[in-house]
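Participant: give the three-dimensional model of this entry:
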Amino acid sequence: MRRTNAVVSEDGATLREVKRAAWSPAQIVAVVAGLLFVVLGGVGLARTGTDFSNLAASHAQVAGMWVSPLSAIAELVVGVLILAGGAYPAGAKGTMSVFGVILLAFGIIVAIDPTPFYREWAYTKTDGVFYAILGAVLLATAVVSPVFFSRRRVVTQSQIQSDQGAATHVS
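Facilitator: Model (predicted):
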C-alpha cells in the first residue's frame, strides 16, 4: 500500500492519495494448487526416496495416487512454478491458463491409456483423472477470475477562519 500526502495550498488544504495493490481471486486458487502439488511431490519424494541413479525404481502411494521419484520431482517443480506465478494477479491468470491446459490435456491422455506412463512415472487412471480435473479447475478459474485494481481515495481538509475561531472542514 502506498500513501502520499502533499500540501496543495497555503490555507491548509491537503491531498491524500491511497493506492492498494491489485489482486485477483486467481491468486488464491494458484496458491492452493501450488501448495497441493508441493505437498504431494514432497510426500511422494519422501516415500520413494531419492535414488537418482534410477528414478523409476520405486513406487509409492500418496493420497490414493501412485508416484515415483520422477513424478514426485515433477510435481514439486510444477507446484513451485504455480506458486511463483501466483504472486501477481496477471501472472496468476497466465500461469494458471498455461498449466491448466497442460494438466487437462495430460490428464486426459493418462486417463485414456495409463500403461505407457506407469513404469517411469507410476501414473494410473486415477492420476489422469486427478490431473484432468485440476487442469480444468485452473483453466476455468483463470478465465473467469477478475483482477481488482487499486482504488484511489482523495481526502481534502481545509481550515476555515471565522469570528468564533478556527473550524475544520473535511470533504
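Participant: burial measure for the closest residue to Ala63 other than its chain neighbours, as a count.
Facilitator: Closest residue to Ala63 apart from its sequence neighbours, by CB to CB, 6 or more residues apart in numbering: Leu40 at 6.3 Å. C-beta: built from backbone N, CA, C; applies to glycine. Look at Leu40: counted by other CB atoms under 10 Å, it has 21 neighbours.
Participant: looks like Leu40 contacts Trp66 (just checking).
Facilitator: No - counting by CB atoms under 8 Å, Trp66 is not a contact partner of Leu40; they are 11.4 Å apart.
Participant: about what we covered before: name all residues that make contact with the residue nearest to Ala63.
Facilitator: Residues near Leu40 by CB atoms under 8 Å, 6 or more residues apart in numbering: Val62, Ala63, Met65, Val67, Ala72, Glu75, Gly79.
Participant: a helix runs through it, doesn't it?
Facilitator: Yes - read with DSSP: H, G, I helix; E, B strand; the rest coil, Leu40 is one of the residues of a helix.
Participant: distance of it relative to Leu83?
Facilitator: Going from Leu40 to Leu83 by CB to CB, to the nearest Å gives 13 Å.
Participant: now swap in Ser68 and tell me
Facilitator: Separation of Ser68 from Leu83 (CB to CB): 23 Å.
Participant: ok, back up a step: what do Leu40 and Trp66 both touch?
Facilitator: With CB under 8 Å, 6+ apart, Leu40 and Trp66 have no common neighbours.
Participant: how long is stretch 80-95 end to end?
Facilitator: One end of stretch 80-95 sits 11 Å from the other (CA to CA, to the nearest Å).
Participant: chain center to that stretch: distance?
Facilitator: In terms of CA atoms, centre = their mean, to the nearest Å, the centre of stretch 80-95 is set 5 Å apart from its chain centre.
Participant: again with stretch 53-73
Facilitator: On the basis of CA atoms, centre = their mean, stretch 53-73 sits 25 Å off its chain's mean C-alpha point.
Participant: can you name the element that comes right after the helix or strand where Glu75 lies?
Facilitator: Glu75 is part of helix 69-85 when elements are defined by DSSP states H and E. The C-terminal neighbour of helix 69-85 among helices and strands, as given by DSSP H and E, is helix 89-112.
Participant: where exactly do the helices run in this structure?
Facilitator: Shown for the chain, the helices assigned by DSSP state H span residues 25-48, 69-85, 89-112, 115-121, 125-144.
Participant: for those helices, which one sits closest to Asn54?
Facilitator: helix 69-85 (8.6 Å; CB to CB).
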